[in-house]
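*Asks:* Predicted model follows, preceded by the sequence.
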Amino acid sequence: MSHPDIAALVKSEKSARKRIRYLALLHFTEGHSRTAIASMLKVSRTSVNKWVSTYLSLGLSGLNDKPNPGRPAKLSSSQLATLAEFVQLKSLSEQGGRLMAKDVGDFIQSEFGVTFKQTNLYRLLHQLGFSWITTRARHPKQSEAVQESFKKFPMAMILNTPGHVALDRIDVWFQDEARFGQQNTTTRIWAEKGTRPRAVKQQQFESAYLFGALCPATGATEAILAPFANSDYMHEHLKLISAATEFGRHALVIMDGAGWHQRDLADDFDNLSIVKIPPYSPELNPMEQVWQWLRQHVLANRSFKGYDDIVEQCSITWNTFIKEPLRVMQLCSRQWAKMNS
């Protein structure tokens with residue numbers, strides 16, 4: 001290789017170690033002695049001899065960095081798989097409680113005869129794809145089989161909408177209501193390490209119900225606020241959804257089995273039908289994520305003067321959420337509820 005080619009490699013090489021080797025090779029091809037090269041580059045003559053000899057026998061590829069295997073892993077791939085299976089099985093045990101790092105360490109010691117420090121146990125669990133997170137509640141009577149059956153959604157649409165309505169003329173809406181009031185929630189905040197700031201937790205009981213509904217396909221939303229939840233307010237909410245549905249289209253409103261969610265409420269509307277999700281399955285309704293968004297982003301960690309203040313703040317918060325239809329669509333879209341799925 002000519003001098004200009006080696007000089008170009010020196011300029012383009014990003015690795016400092018390889019650049020030193022190329023510089024040594026460049027000086028060697030220019031006629032400098034190996035002792036002089038070692039002095040110019042502030043490296044040992046032994047290193048220069050090794051680089052030049054490697055180049056003469058293997059070419060430039062011999063100057064590449066050699067793989068660094070590092071310290072041998074304490075656990076083999078099969079042992080890591082066994083550990084991951086143990087963590088997955090024990091994390092949600094029917095006996096309750098929770099799996100601690102000490103329990104994982106004891107399992108590794110008893111099964112594989114290997115000891116880990118606690119800090120390294122956390123690192124190992126992260127490498128296996130686990131994280132320390134809060135669980136979601138699940139009712140003991142919940143049935144996954146029933147939920148999966150419900151997700152065969154086109155059949156539910158056919159059974160719950162008028163026969164003359166084509167499937168591509170159906171708008172799927174999700175509806176729910178939540179209670180907001182002076183018995184408010186507190187949530188995490190950013191704070192200085194070593195401190196635990198206090199947030200207001202009222203002792204009064206004034207509250208309001210927010211009836212909310214949305215269509216993930218279009219980003220359309222409808223809501224009302226009421227002092228309590230009953231069939232009358234539910235009827236008013238359905239009236240809003242019916243009015244928001246374009247002429248020639250049909251609204252299929254998905255909701256839970258609350259006592260005021262009566263199917264006959266839809267009889268007053270020729271462009272609206274009701275479908276109820278299976279019992280004990282709130283996670284099938286994306287409105288639950290909406291309520292969480294409202295609380296976490298705006299309504300948590302605050303106090304309210306009374307009912308009127310609750311209504312005003314809930315109205316502001318709802319309008320803040322719905323002013324970006326794309327956010328509504330992304331948060332609440334469910335693949336099983338799409339017309340073309």
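*Replies:* Perfect, I can see it now. Numbers count the residues shown, from 1 in each chain.
*Asks:* Please, where are all the helices along the stretch 201-341 of the chain?
*Replies:* Remark: helices assigned in the stretch 201-341 of the chain by DSSP state H, counting those that start in this stretch are 231-244, 287-294, 307-322, 325-332.
*Asks:* Adding distance to Asp106, mean neighbour count and mean pLDDT as columns, could you present those in a markdown table?
*Replies:* All C-beta spots, glycine's among them, are computed from the backbone N, C-alpha and C. Listed next are the helices of the stretch 201-341 of the chain as a markdown table, based on distance: least, CB to CB, whole Å; neighbours: other CB atoms under 10 Å; pLDDT from 0 to 100:
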| stretch | distance to Asp106 | mean neighbour count | mean pLDDT |
| --- | --- | --- | --- |
| helix 231-244 | 54 | 17 | 97 |
| helix 287-294 | 36 | 18 | 95 |
| helix 307-322 | 46 | 16 | 96 |
| helix 325-332 | 41 | 15 | 94 |
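*Asks:* okay if I get the ones you listed as TSV plus distance to Asn184?
*Replies:* As requested, the helices of the stretch 201-341 of the chain are exported to TSV (distance: least, CB to CB, whole Å):
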stretch	distance to Asn184
helix 231-244	22
helix 287-294	12
helix 307-322	9
helix 325-332	22
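*Asks:* Just grab the bridge partners of the closest residue to Arg263 other than its chain neighbours for me.
*Replies:* Distance criterion CB to CB, 6 or more residues apart in numbering; nearest residue to Arg263, sequence neighbours excluded, is Ile274 at 5.2 Å. In this entry, Ile274 is beta-bridged to Val253, by DSSP bridges.
*Asks:* Now do the same contact list for Ile274.
*Replies:* The contact partners of Ile274, by CB atoms under 8 Å, 6 or more residues apart in numbering, come to Asn160, Val253, Met255, His261, Arg263, Leu265, Ala266.
*Asks:* ok so, going back, Leu225: which of the helices of the stretch 201-341 of the chain is closest?
*Replies:* Closest of the helices of the stretch 201-341 of the chain to Leu225 is helix 307-322, at 5.0 Å (criterion: CB to CB).
*Asks:* What angle do helix 287-294 and that closest one make with each other?
*Replies:* Calculated by axes from the mean of the first three to the mean of the last three CA atoms, to 10 degrees, helix 307-322 forms an angle of 110 degrees with helix 287-294.
*Asks:* tell me, which strand in the chain spans the most residues?
*Replies:* The longest strand of the chain (DSSP state E) is strand 170-181.
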